[in-house]
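Chemist: What follows is a protein structure lacking sequence information:
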């Protein structure tokens, strides 16, 4: 089966939602890593929005300065 892969990198600093991928022919997410490049701790929410509902992968997760959290890794995926 052929796959249509996309590599999406986003650098966002702020408090508003950021869309990484919009609806289309994408069928799987195979990696999510959130990094804090600031000098203070940040809190993040990561969600999939579908049909007017939000499905949270992480909600209110604190990331210390100069650290990261990997939500999907090691061959895991969300279909």
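Modeler: Great, that's in hand. Please read all numbers here as calculations on a predicted model, not as lab measurements. Numbers count the residues shown, from 1 in each chain.
Chemist: For the residue most central in space within the chain, give the beta-bridge partners.
Modeler: With distances taken as C-alpha atoms, centre = their mean, residue 32 lies nearest the centre of the chain, 4.8 Å away. Counting by DSSP bridges, residue 32 is bridged to residue 72.
Chemist: wouldn't it be in contact with residue 76 here?
Modeler: No - here residue 32 does not reach residue 76: they are 9.9 Å apart, not a contact under C-beta atoms under 8 Å. C-beta coordinates here come from the backbone N, C-alpha and C atoms, glycine included.
Chemist: dump the residue contacts of the residue nearest to the centre of the chain.
Modeler: By C-beta atoms under 8 Å, 6 or more residues apart in numbering, the contact list for residue 32 reads 46, 57, 70, 71, 72.
Chemist: With neighbour count and distance to residue 64 added, can I get these in TSV?
Modeler: Shown next, in TSV, are the contacts of residue 32 (neighbours: other C-beta atoms under 10 Å; distance: C-beta to C-beta, whole Å):
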residue	neighbour count	distance to residue 64
46	16	17
57	14	19
70	12	14
71	16	16
72	16	20
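Chemist: follow-up on the earlier one: what's the separation between the residue nearest to the centre of the chain and residue 40?
Modeler: Distance of residue 32 to residue 40, given as C-beta to C-beta, to the nearest Å: 22 Å.
Chemist: now residue 69
Modeler: With C-beta to C-beta as the criterion, residue 69 and residue 40 are 16 Å apart.
Chemist: neighbour-wise, which of these two wins?
Modeler: residue 69 (16 against 7; other C-beta atoms under 10 Å).
Chemist: Within the helices and strands, which one has the more buried one?
Modeler: strand 68-72 (DSSP states H and E).
Chemist: picking up where we left off before, what about the residue nearest to the centre of the chain, distance to residue 73?
Modeler: According to C-beta to C-beta, residue 32 stands 8 Å off from residue 73.
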